[in-house]
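Q: Show me how the following folds:
(chains A and B)
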There are 2 protein chains.
Amino acid sequence: MSTDETPDQSVPDEVHEELMQATYRALCAHGYADLTMQRIADEAGKSKSLLHYHYGTKHELLAAFLAFLLDRFEKRVESTEGNAPDERLEFLLDKMVPEEDEDETYDRFGLALNELRMQAPYVEAYREQFDRNEDVIRQRFADIIRDGIEADIFRDVDAERTASLLFAALDGARLQRVSVATPSADAEANQSARAAPREVRAALDEFVVSNLLRDGGDE
Amino acid sequence: MSTDETPDQSVPDEVHEELMQATYRALCAHGYADLTMQRIADEAGKSKSLLHYHYGTKHELLAAFLAFLLDRFEKRVESTEGNAPDERLEFLLDKMVPEEDEDETYDRFGLALNELRMQAPYVEAYREQFDRNEDVIRQRFADIIRDGIEADIFRDVDAERTASLLFAALDGARLQRVSVATPSADAEANQSARAAPREVRAALDEFVVSNLLRDGGDE
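A: Residues are numbered from 1 along each chain as shown, chains lettered A, B, ... in the order given. Presented below is the predicted three-dimensional model:
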C-alpha cells in the first residue's frame, strides 16, 4: 500500500498520458498475445527505444499501464467523495458495468486485460499491480459500506465480506461477457453472456443494496 | 443445445477417461500456453498420433476436455436430484468453492482453465463449449430456484437473474484466487484473494440464500 504510485521517475505527465493511451489502443487492436513494444510505439508514433527508455521492459510498461488504470479509476471515484454513501455505492457499482451502448472496443479491451491477468502468476510485475488494483477497488467498496453503517444508512454488516461479494459478482459477470460475447461469435447464442453484467448489477440491487438499506437493520 | 455431447464417436470410454485425465494433469503441469499434444501424450503414456486419431487437433481435444468436465459436473449434480431445493442449492454453491485443504493443483488447474477461456474469442471450438458449460451451470442454478419457488420454499424471485448472480459471484471469486494467489506469490499479500471464494460463498448465504428462504416472501 505504501508503494510509490508513479510508474516512472522521469517521464513527463503529457508523454506518460500519450504512451498509456497508445498502450490502450494497441491492446484493443492486437490483444495481449500479439502485443509488442513496436506495436505500442507505432500507436504512439514514437520510437521503441523511447518506450524502453521510459519504462524498461514490456512487463514493466504494462505494469505501469495497470497503475495508470487504477489512477484514473481513483480520480473518478474521488470526485464523488462528498456524496451520501448510498449514492457513492451506486456510482461505484455502475462504474463496473458497461454502458448500454458500449461498442466492441469495450469487450476487446476487457478481454486483453484478462489475458494479461492470466499472466499474473508468471510475471511478478503484473501480479503485484493486479493485486494492488483489486485490493483498492475492494477497499473502496468496503469504505463506502463502513461509512454507510456509521451514518446509519446501512445496517450493520461485515463490510469486507459484502465488498468481496459486490466486486467478485461484477468481475465474474464482465469476464463472462468478454470471454464468450465477442463480435465474431453468434450474437444470439451469446445473449446471456453479453447481458451478464447488467443482469448481475440488477440482482445486486435486489439482494444486496436493498438489504443494506433496510431501515434500521433487522439483525 | 442440441449439440451431440459425446466428444468423439469412436474412442472407447476407458481410453477417453484415461486421455482426459492425462489432459488434466498436463494442464496442471504446463499451463495452457505451454501445452502441446506431445505433452498430453507423454502424460497418458500414449503416442501423439493416437491423440490426433481420436480427437483431431489440439483445439478439438481441449474442447472435448471441456465437455468431459461438464459431463462430470452434471453427474455429480444429478446425484442430488431427489433432495430438497435448498439442499441442492447449497450443494451446487459448495461445488464451486475450493475445499479448505485444496492444494496448489486446484489453483494451477483453475488458472490453466481460465487461460484457455481467454482464448475462447479466438477459437470457435472453445467458445462453443465454454458457452455451453456456463449456460448449463447457470441453468442448473435457475432450475433449482424455480423448483424452490414452486415448492414454496423460496420466495418468488427472478430465477434467471438470481442464478446469474450466484454463478458470476463464485466465478469471479475463483478467478481472483487463481490469478493472484499462486504458490510463488507472497502468501500474506494474497490472503484476501485466496480467501475470496469462501468469503463470497458466505456473503451469498447471508444476502441471497437467506433472502430466498425468508418464510412466505415479502414482495
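
Q: Identify the residues contacting the closest residue to chain B within chain A.
A: Of all residues in chain A, A:Gly172 sits closest to chain B, at 2.7 Å by CB to the nearest CB. The way it works is simple: take the backbone N, C-alpha and C, and place the C-beta from them, glycine included. For A:Gly172, the contacting residues are A:200, B:167-173, B:175, by CB atoms under 8 Å, 6 or more residues apart in numbering or on different chains.

Q: switch the cut-off to 7 Å
A: Residues in contact with A:Gly172 (CB atoms under 7 Å, 6 or more residues apart in numbering or on different chains) are B:168-169, B:171-172, B:175.

Q: can you give me the helices for chain A?
A: For chain A, the helices defined by DSSP state H cover A:13-30, A:37-44, A:48-55, A:58-78, A:85-95, A:104-118, A:124-150, A:159-180, A:191-204, A:210-213.

Q: So which of these is nearest B:Gly110?
A: Smallest distance to B:Gly110 across the helices of chain A (CB to CB): 10.4 Å, for helix A:104-118.

Q: other SSEs contacting that closest one?
A: helix A:13-30, helix A:159-180, helix B:104-117 (3 or more CB pairs under 7 Å, 6 or more residues apart in numbering or on different chains; DSSP states H and E).

Q: now that helix against helix A:58-78, angle please.
A: 120 degrees (axes from the mean of the first three to the mean of the last three CA atoms, to 10 degrees).

Q: Measure how far helix A:104-118 is from the centre of its chain, please.
A: When distances are taken as CA atoms, centre = their mean, to the nearest Å, helix A:104-118 is centred 11 Å away from the chain's centroid.

Q: Let me see the mean pLDDT of that helix.
A: Throughout helix A:104-118, pLDDT has a mean value of 89.

Q: Direction-wise, compare that helix with helix A:13-30 and give the angle.
A: Using the same axes, to 10 degrees, helix A:104-118 lies at 100 degrees relative to helix A:13-30.

Q: I'd like to check the angle between helix A:104-118 and helix A:191-204, please.
A: Angle of helix A:104-118 versus helix A:191-204, following the same axes, to 10 degrees, is 80 degrees.

Q: residues in contact with helix A:104-118?
A: When contacts are defined by CB under 7 Å, 6+ apart, helix A:104-118 is touched by residues A:24, A:27-28, A:31-33, A:62, A:98, A:126, A:130, A:174-175, A:177-179, A:181-183, B:111, B:114-115, B:118, B:121, B:179.

Q: now do stretch A:144-154
A: A:84-86, A:88-89, A:92, A:156-157, A:159, A:162-163, A:212-213.

Q: next one: stretch A:91-102
A: Contact with stretch A:91-102 is made by A:76-77, A:80, A:106, A:140-141, A:144, A:166, A:170, A:197-198, A:201, A:204, as judged by CB under 7 Å, 6+ apart.

Q: Would you mind giving the helices of chain A as CSV with distance to B:Met37 added?
A: Supplementary listing: the helices of chain A in CSV, determined by distance: least, CB to CB, whole Å:
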stretch, distance to B:Met37
helix A:13-30, 27
helix A:37-44, 30
helix A:48-55, 35
helix A:58-78, 29
helix A:85-95, 43
helix A:104-118, 21
helix A:124-150, 29
helix A:159-180, 24
helix A:191-204, 29
helix A:210-213, 50
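
Q: Give me the buried subset of the contacts of helix A:104-118.
A: Among the contacts of helix A:104-118, those buried by neighbour count (16 or more other CB atoms under 10 Å in any protein chain shown) are A:24, A:27-28, A:31-32, A:62, A:98, A:126, A:130, A:174-175, A:177-179, A:181-182, B:111, B:114-115, B:118, B:121, B:179.

Q: in chain A, which ranges drop under the pLDDT threshold?
A: Applying pLDDT under 70 to chain A flags residues A:1-9, A:100-101, A:181-190, A:215-219.

Q: try 80 this time
A: A:1-10, A:99-104, A:180-193, A:214-219 (pLDDT under 80).

Q: What residues of stretch A:10-28 count as buried?
A: Judged by neighbour count using 16+ other CB under 10 Å, the buried positions of stretch A:10-28 are A:11, A:16, A:18-20, A:22-28.

Q: follow-up on the earlier one: whichever of the contacts of stretch A:91-102 end up buried, select them in PyMOL.
A: Applied in PyMOL, the following selects the buried portion of the contacts of stretch A:91-102 according to 16+ other CB under 10 Å:
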select buried, chain A and resi 77+80+106+140+141+144+166+170+197+198+201+204
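
Q: Name the nearest residue to A:Val15, sequence neighbours excluded.
A: Leaving aside its chain neighbours, A:Val15 sits nearest to A:His54 (7.3 Å; criterion: CB to CB, 6 or more residues apart in numbering or on different chains).

Q: My read is that the one you found contacts A:Val11, right?
A: Yes - under the criterion of CB atoms under 7 Å, A:His54 makes contact with A:Val11 at 4.4 Å.

Q: Contacts only, for the closest residue to A:Arg161 other than its chain neighbours.
A: Among residues not flanking A:Arg161 along the chain, B:Ala203 sits closest, at 4.9 Å (CB to CB, 6+ apart). Contact analysis of B:Ala203 by CB under 7 Å, 6+ apart lists A:161-162, A:164-165.

Q: okay, those residues in JSON lines with neighbour count next?
A: As requested, the contacts of B:Ala203 are exported to JSON lines (neighbours: other CB atoms under 10 Å in any protein chain shown):
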{"residue": "A:Arg161", "neighbour count": "18"}
{"residue": "A:Thr162", "neighbour count": "23"}
{"residue": "A:Ser164", "neighbour count": "29"}
{"residue": "A:Leu165", "neighbour count": "28"}
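
Q: Output those in JSON lines; the columns should cover distance to A:Lys48.
A: Putting the contacts of B:Ala203 into JSON lines (distance: CB to CB, whole Å) gives the following:
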{"residue": "A:Arg161", "distance to A:Lys48": "46"}
{"residue": "A:Thr162", "distance to A:Lys48": "46"}
{"residue": "A:Ser164", "distance to A:Lys48": "41"}
{"residue": "A:Leu165", "distance to A:Lys48": "43"}
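
Q: count of neighbours near A:Lys95?
A: 14 (other CB atoms under 10 Å in any protein chain shown).

Q: And the one 4 residues further on, by the same measure?
A: Applying the criterion other CB under 10 Å, we find 9 residues in the vicinity of A:Glu99.

Q: And A:Ile153, its phi and psi?
A: Backbone torsions of A:Ile153, given as degrees, to the nearest 10, read phi -90, psi -40.

Q: now do A:Pro12
A: phi -60, psi 150.
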